[in-house]
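Asks: Here's a sequence, model it:
(one chain, ligands or ions: 1)
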Amino acid sequence: MVGAGPAGLAFARVLHRHGHLVAVLERDPGPDARPTGGMLDLHEGLGQLAMDKAGLLADFQAVSRPEGQAMRILDTDGTVLRDWRPGPDDRANPEIDRGQLRDLLLGPLDVRWGQGVAKVVPGAGGGARVHFEDGRQETFDLVVGADGAWSRTRPAVSAVTPHYTGVTAIETSLDDIDTRHPGLARLVGDGSVAVYGVNRALVAQRNSGGHVKVYAQFRAPRDWLTHLDAADAEAVRSSLLTLFDGWTVPLLDLLRHGTAFVHRPLHVLPVAHTWTHVPGVTLVGDAAHLMPPLGAGANLALLEGAELAEAVVAAGDGDLDGAVRAFEERMWTRAERWARITADGLQRLVSPDPAEALAVFDRVQPSR
Ligand SMILES: Cc1cc2nc3c(=O)[nH]c(=O)nc-3n(C[C@H](O)[C@H](O)[C@H](O)COP(=O)(O)OP(=O)(O)OC[C@H]3O[C@@H](n4cnc5c(N)ncnc54)[C@H](O)[C@@H]3O)c2cc1C
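Replies: Now for the predicted structure:
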């Protein structure tokens, strides 16, 4: 298994539950090497199903935030257009901090940290050889590439690389919002607030512990930030404030009070990315089907990891390659459906006509 993200950890954890060990090769030197990022909402039939397969559904329910499903949509002048709150028993898509999810999955697993993979070479008679970044090599019966958007495993099965969507996201965050920015805390509420303007959008989402992540999304050339020093927070902030000029002050305050800014030009793989099956190597998660970040990627990654593990367990000493091949067919069908939904969603959420964004919300979450 290459990668200890949601896909890799779900795979390893489900195998572990069935008494199988797997080598998890992760480039990061340790679990806390990088900030883990914002929240993930785990859907009932996807991410939550994967947690169930891993025996972790009760633990997920104990730490996740059902109230985080709340969603408010504002106009750029601050008018409330939609204000949706979950019912007391609504557990369809509770939110969890990425770090909490990672810790749940990690549990007893023994990850080989600091082992970056440079490339994977399928063997002539099955299996595959892993070439590490430090020059070492090791052979495995099956290498599962769960190494994300810029997968080093992918070239072993597919020549396709991600392409830029035309939409860039800049992520920033506010700490301790309830005491430091109570007005903004009310604006964000328990869940998320989203505002859609012409070719741009602003989404703020409450994480646990009074932490709020803010995502500014807009259509721009891929190199939008290259004329700025990305580490110069003041320069990035001032460019963003110019870009969102005319929006009501509290919305701009979400950017004004943001601390560090992270540049995320959004890339995707083609909607129906498949490959000719290669014995000894497969892909799951973003490595297989990178799509716009609209609530599906981590869910699919978790479920694929869990399902592939179950397929491996069911194959036992029998036809492992046949089990992987059948798994790939199932994964491709489901991923293609979600890739179409999220590609269409991105077009409409960051679009010349903000009414389209509202229509997306009304389709997904009818006003109550
Ligand atoms: C801003 C943002 C918000 C998002 N929000 C949501 C959401 O709300 N819901 C949702 O479902 N999805 C969301 N997504 C998508 C989600 O984050 C991804 O789809 C998901 O993380 C994919 O999981 P993965 O395990 O396939 O890959 P990753 O999470 O990318 O994990 C890959 C792992 O592989 C490791 N790795 C990479 N290269 C190597 C190498 N060469 N050797 C060894 N290890 C390597 C990495 O260090 C990493 O640990 C969001 C994405 C973004 C950017």
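Asks: which ones are touching the closest residue to T276 other than its chain neighbours?
Replies: Leaving aside its chain neighbours, T276 sits nearest to V157 (7.7 Å; criterion: C-beta to C-beta, 6 or more residues apart in numbering). Every residue, glycine included, has its C-beta placed from N, CA and C. By C-beta atoms under 8 Å, 6 or more residues apart in numbering, the residues touching V157 are G145, W275, T276, H277, V278, V281, T282, L283.
Asks: now with 10 Å?
Replies: Shown in contact with V157 (C-beta atoms under 10 Å, 6 or more residues apart in numbering): 120, 122, 145, 151, 274-278, 280-283, 287-288, 328.
Asks: Kindly indicate which of these lies nearest A204.
Replies: A287 (29.5 Å; C-beta to C-beta).
Asks: Please tell me how far the closest one sits from G5.
Replies: A287 sits 9 Å away from G5, taking C-beta to C-beta, to the nearest Å as the criterion.
Asks: Looking at the two, which one has more neighbours?
Replies: For A287 versus G5, neighbours defined as other C-beta atoms under 10 Å are more numerous around A287 (28 against 24).
Asks: wait, that one sits on L269?
Replies: Yes - the pair A287 / L269 is scored as a contact, 8.9 Å apart, by C-beta atoms under 10 Å.
Asks: Which residues are in contact with each of those two?
Replies: Both A287 and L269 are in contact with A149, S151, R154, S158, where contact means C-beta under 10 Å, 6+ apart.
Asks: what residues does the stretch 201-350 of the chain put near the ligand?
Replies: R264, G285, D286, A287, P293, G295, A296, G297, A298, N299, A301 (C-beta under 6 Å from any ligand atom).
Asks: For the last one, which residues are in contact?
Replies: What it means is A301. 3, 5-11, 40, 46-47, 50, 146, 148, 284-289.
Asks: Filter those down to the buried ones and hand me the PyMOL line.
Replies: Burial among the contacts of A301 is assessed by 16 or more other C-beta atoms under 10 Å; the matching PyMOL selection reads:
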select buried, resi 3+5+6+7+8+9+10+11+40+46+47+50+146+148+284+285+286+287+288+289
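Asks: List the buried residues of the strand ranked longest in the chain.
Replies: As assigned by DSSP state E, the longest strand anywhere in the chain is strand 163-174. Under the neighbour-count criterion of 16+ other C-beta under 10 Å, strand 163-174 has T165, G166, V167, T168, A169, I170, E171, T172, S173, L174 buried.
Asks: ok, which pair from those is furthest apart?
Replies: With C-beta to C-beta as the measure, no two of the buried residues of strand 163-174 lie farther apart than G166 and L174, at 27.7 Å.
Asks: Which secondary structure state does the residue lying farthest from the centre of the chain sit in?
Replies: For the chain, the largest distance from the centre (C-alpha atoms, centre = their mean) belongs to G125, which lies 34.8 Å off. Using DSSP: H, G, I helix; E, B strand; the rest coil, the structure places G125 in coil.
Asks: Pretty sure it sits against P279.
Replies: Yes - applying C-beta under 10 Å as the test, G125 and P279 come out as touching, 8.4 Å apart.
Asks: In contact with the nearest residue to E336 once chain neighbours are set aside: list those residues for me.
Replies: The shortest distance from E336 to any non-neighbouring residue, by C-beta to C-beta, 6+ apart, is to A272 (4.7 Å). By C-beta under 10 Å, 6+ apart, A272 lies in contact with H289, W332, T333, A335, E336, R337, A339, R340.
Asks: Once you drop chain neighbours, what's closest to the last one?
Replies: Read it as R340. Using C-beta to C-beta, 6+ apart, the closest residue to R340 is V271 (5.7 Å).
Asks: OK, contacts around the one you found?
Replies: H289, M291, A335, E336, R337, W338, A339, R340, I341, T342, A343, D344.
Asks: Pull out the buried residues from those residues.
Replies: H289, M291, A335, E336, W338, A339, I341, T342, A343.
Asks: thinking G295 is in contact with L40, fair?
Replies: Yes - with contact defined as C-beta under 10 Å, G295 counts as touching L40 (8.3 Å).
Asks: Next, show the common contact partners of the two.
Replies: G47, N93.
Asks: any chance you could map the helices in the chain?
Replies: Assigned by DSSP state H, the helices in the chain fall at 6-17, 47-53, 57-63, 98-106, 177-180, 182-188, 233-243, 249-256, 286-289, 297-315, 320-349, 354-364.
Asks: Mind putting the ones you listed into CSV with mean pLDDT?
Replies: Output for these, formatted as CSV (pLDDT from 0 to 100):
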stretch, mean pLDDT
helix 6-17, 98
helix 47-53, 98
helix 57-63, 97
helix 98-106, 96
helix 177-180, 96
helix 182-188, 96
helix 233-243, 93
helix 249-256, 96
helix 286-289, 98
helix 297-315, 98
helix 320-349, 97
helix 354-364, 88
